[in-house]
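Undergrad: based on what follows, work out the 3D shape:
(chains A, B, C and D)
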Protein chains: 2
Amino acid sequence: MARWEPNARERLAASALDLFVERGYEGTTAAEIATRAGLAKSTFFRHFTDKREVLFSGGELLSDAFVTAIEKCPPGTTPLGVLHAALEAASFPFNPDRRDWVVKRQTVIAANTELLERELLKQAAITEAMTTALQKRGLDPRVAAVTAELGNLAFRAAFTRWTAPTNTRDFADLAHEELTASAKAATTLT
Amino acid sequence: MARWEPNARERLAASALDLFVERGYEGTTAAEIATRAGLAKSTFFRHFTDKREVLFSGGELLSDAFVTAIEKCPPGTTPLGVLHAALEAASFPFNPDRRDWVVKRQTVIAANTELLERELLKQAAITEAMTTALQKRGLDPRVAAVTAELGNLAFRAAFTRWTAPTNTRDFADLAHEELTASAKAATTLT
DNA sequence: TACGGTGATGAGACCAAGTCCCATCACAGG
DNA sequence: CCTGTGATGGGACTTGGTCTCATCACCGTA
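TA: Predicted structure coming up:
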């Protein structure tokens, strides 16, 4: 399979993040990213459909983790229980080693609307996948939708806390905490 | 203020939707939209920052309706009560006269990922605005977030039902129904 | 060692989105 | 009738993204 320098895709992603941090997303050209990675512009677009997408590759892994975790829950598990399991399974990208990279990436995304749009799309896709997976467990469609949305909310909250400069806690930890809090909040609406 | 043909913006929006329906979003050029509206490409981009944006102008009205409705609720109103009022106030764009236009627009959006992204961004902005407005009422941040998210969910569900071919019911009606159902679902998670 | 197949790459033409600048034109008021 | 102002037109320019064709590195095989 691998020939020449075998890591074209990874090199592109790394160069891209570096350049985005240095010059900003809009100040960086796809051709420049490719050049820094020792490749050509056409090669960049062979690996990524978009200039944006270079920051989002590997996102399917997260979605898959959510979905398969949901599927693996024993039948009869409560929706909230399923959600806890799913968040647990989706914690793998967030370990201390990857923190620097994750924070850099998130800083770049937060600074650019185009990238925010893309992120929202990915999140929506995940939420939809979770909804479907929950429905397959026999949940009422509306309950499934509310559950997935709550999971998404808890995930984002946990992520925000995990990336905070002072944080030392585990992602899964924070996720469970946020989920519990959100679920409790959901019962105090009336 | 208004000179020549005074409705440039509206003409552009109308021409755009027509063309998008005829040839699809990607099959339509910004220059073509402008030409059909009797204007030039440069004028198009003077009125809309984006080719996408031509389908989303007026969206601030919706956000404003949500927020001001939340602000106008008497203190002590329950979060769910506030949400009902907000959805009621945000029903104005959805009357029988505008149905055709709304359905056309939504069909175009649903067929194109770029447009979906933009719509998600707008929805996220509205949800965030609602969260802030709810927090200003003294709600706990987490409760505010959950409430806003639930409102968003109910809104989308109501919208889907309202645009369904067989629907004859009022949007506000559907929204109240969806919200009640979602809120109830949120209490059955454990 | 020579050879052909395969898959990744490079080069460059090409189109459309979006920016920018400057000229122009319609209208208002004096 | 003249002049200022704001909306428009036109066109040059950059960049994202697509596409095609040639090239090159490596593989297995003779």
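Undergrad: and the nearest residue to residue A:92 once chain neighbours are set aside, how many residues sit next to it?
TA: Once its chain neighbours are removed from consideration, residue A:92 has its nearest residue in residue A:65; the separation is 6.6 Å (Cβ to Cβ, 6 or more residues apart in numbering or on different chains). Backbone N, C-alpha and C define where each C-beta goes, glycine included. In terms of burial, residue A:65 registers 19 neighbours under the definition other Cβ atoms under 10 Å in any protein chain shown.
Undergrad: for residue A:78, same thing?
TA: The number of residues packed around residue A:78, counting by other Cβ under 10 Å, is 13.
Undergrad: what residues does chain A put near DNA strand D?
TA: Taking Cβ under 7 Å from any atom of the strand as the criterion, the neighbours of DNA strand D within chain A are A:3-4, A:28-31, A:41-42, A:45, A:49-52.
Undergrad: from those, which would you call buried?
TA: For these, a neighbour count by 16 or more other Cβ atoms under 10 Å in any protein chain shown gives the buried set as A:28, A:30, A:51-52.
Undergrad: for those residues, give me a markdown table that also has distance to residue A:19, pLDDT and secondary structure.
TA: What follows is those, written out as a markdown table (distance: Cβ to Cβ, whole Å; pLDDT from 0 to 100; DSSP: H, G, I helix; E, B strand; the rest coil):
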| residue | distance to residue A:19 | pLDDT | secondary structure |
| --- | --- | --- | --- |
| A:28 | 4 | 98 | coil |
| A:30 | 10 | 98 | helix |
| A:51 | 11 | 98 | coil |
| A:52 | 14 | 98 | helix |
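Undergrad: which member of those residues is positioned nearest chain B?
TA: residue A:52 (9.5 Å; Cβ to the nearest Cβ).
Undergrad: quick one: the nearest residue to that closest one once chain neighbours are set aside from residue B:121, how far?
TA: Counting by Cβ to Cβ, 6+ apart, residue A:52 lies nearest to residue A:118, which is 4.7 Å off, once chain neighbours are set aside. Taken as Cβ to Cβ, to the nearest Å, the spacing of residue A:118 relative to residue B:121 amounts to 10 Å.
Undergrad: ok, residue A:105 touching residue A:57?
TA: No - with the criterion set as Cβ atoms under 8 Å, residue A:105 and residue A:57 do not qualify as a contacting pair; they are 11.2 Å apart.
Undergrad: show me the shaky parts of chain A.
TA: For chain A, applying pLDDT under 70 flags the ranges A:1-5.
Undergrad: can you map out the strands along it?
TA: Residue ranges of strands cannot be listed for chain A, since DSSP state E assigns none.
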